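*Asks:* this is a predicted model, with the sequence first.
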Amino acid sequence: MAPTSAVSRLSTGHSINRYEVKYFVPTKILPTLVEEMGPYTRPDPNADPVSGYPIFSVYWDTPKLSFYWEKVEGVKNRRKVRFRRYVDNDTVFIEVKERIDRTLHKRRVKWPLRRVMQVFGTGRGVDWEGLGDDPVAVEVALMVDRWALQPTMGISYRRRPLLGVFNRELRVTFDTRLMYRPAPVDVGNPFTSGAYILDPRLSVMEVKYDDRVPKWLMKLVCCHGLKIVRMSKYCSAVDRHRFGGQNQ
């Protein structure tokens, strides 16, 4: 049975609901794009204004790669589980990313790395005694237990984030040097070298918004001839590693 159809929804905890579109962008024009967005955006105060910050995520999947196949087969309502770490610190976001048609719903909780490794990283299943009662962590633990989820793919890249000045819900990010490493992998051991998901001459621009993309941004996208892409970093990595890039 596909994972999205079984476990009933728990309360959301920290939840983010919004739309998301992605574009492939030539890496060499990123400084130009950032400059052109200058009047409408500001750097995320949590990031270096030029280099951004490194991100390392470990995606979990079933032994039969159910989450991967749901994306490939175009299932409109689907979920995936990831453990995300901003490499400069020892905290981890435990996340459930759920797509319902075109809307992205993300539920997450932040834990210390040590606790994540104790509860989810022992290799002996979930440590239920250390789990606690946070609804997101419980949801992930139930999914891990029911479908035998396991760390499947590590994804590493640098992200340069911009925030909307006039539209506070707007977020534009530029992801560069997208690399992957298959299991065995865990969130406690980030890597700095691996196989490329995407030719490094290309980067990914993600636009996240609540209502509609601002007109100024659409004009900029049209001016540079950027096209929307249906791209999942996790699924692209699995596809390259397991299937030679046939399904993306």
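*Replies:* Perfect, I can see it now.
*Asks:* which parts of the helix or strand Gln118 falls within are buried?
*Replies:* Here Gln118 sits within helix 113-120, counting by DSSP states H and E. Along helix 113-120, these residues count as buried under the neighbour rule (16 or more other C-beta atoms under 10 Å): 113, 115-117, 119-120. (Each C-beta comes from the backbone N, C-alpha and C, glycine too.)
*Asks:* ok, of the residues you listed, which one's closest to Asp44?
*Replies:* Distance to Asp44 across the buried residues of helix 113-120 (C-beta to C-beta) is lowest for Leu113, with 22.1 Å.
*Asks:* between the buried residues of helix 113-120, which sits nearest Ser203?
*Replies:* Leu113 (27.8 Å).
*Asks:* picking that back up, now render the buried residues of helix 113-120 as JSON lines, adding pLDDT.
*Replies:* Below are the buried residues of helix 113-120 laid out as JSON lines (pLDDT from 0 to 100):
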{"residue": "Leu113", "pLDDT": "96"}
{"residue": "Arg115", "pLDDT": "97"}
{"residue": "Val116", "pLDDT": "97"}
{"residue": "Met117", "pLDDT": "96"}
{"residue": "Val119", "pLDDT": "97"}
{"residue": "Phe120", "pLDDT": "96"}
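*Asks:* who touches the helix or strand of the chain at the bottom of the mean pLDDT ranking?
*Replies:* Every helix and strand of the chain was ranked by mean pLDDT, DSSP states H and E. The lowest is strand 14-26, at a mean of 85. Strand 14-26 is contacted by residues 33, 102-109, 136, 169, 174, 198, 201-210, 213, 221, 224, 226-231 when judged by C-beta atoms under 8 Å, 6 or more residues apart in numbering.
*Asks:* out of these, which sit inside helices?
*Replies:* Of the contacts of strand 14-26, the ones assigned to helices by DSSP state H are 33, 136, 221.
*Asks:* what sits against Gln104?
*Replies:* Residue 104: Leu, not Gln. So Leu104 contacts 16-20, 97-98, 208 (C-beta under 8 Å, 6+ apart).
*Asks:* and those residues, which two are furthest apart?
*Replies:* Checked with C-beta to C-beta, the contacts of Leu104 reach their widest spread between Glu98 and Lys208, with 14.8 Å between them.
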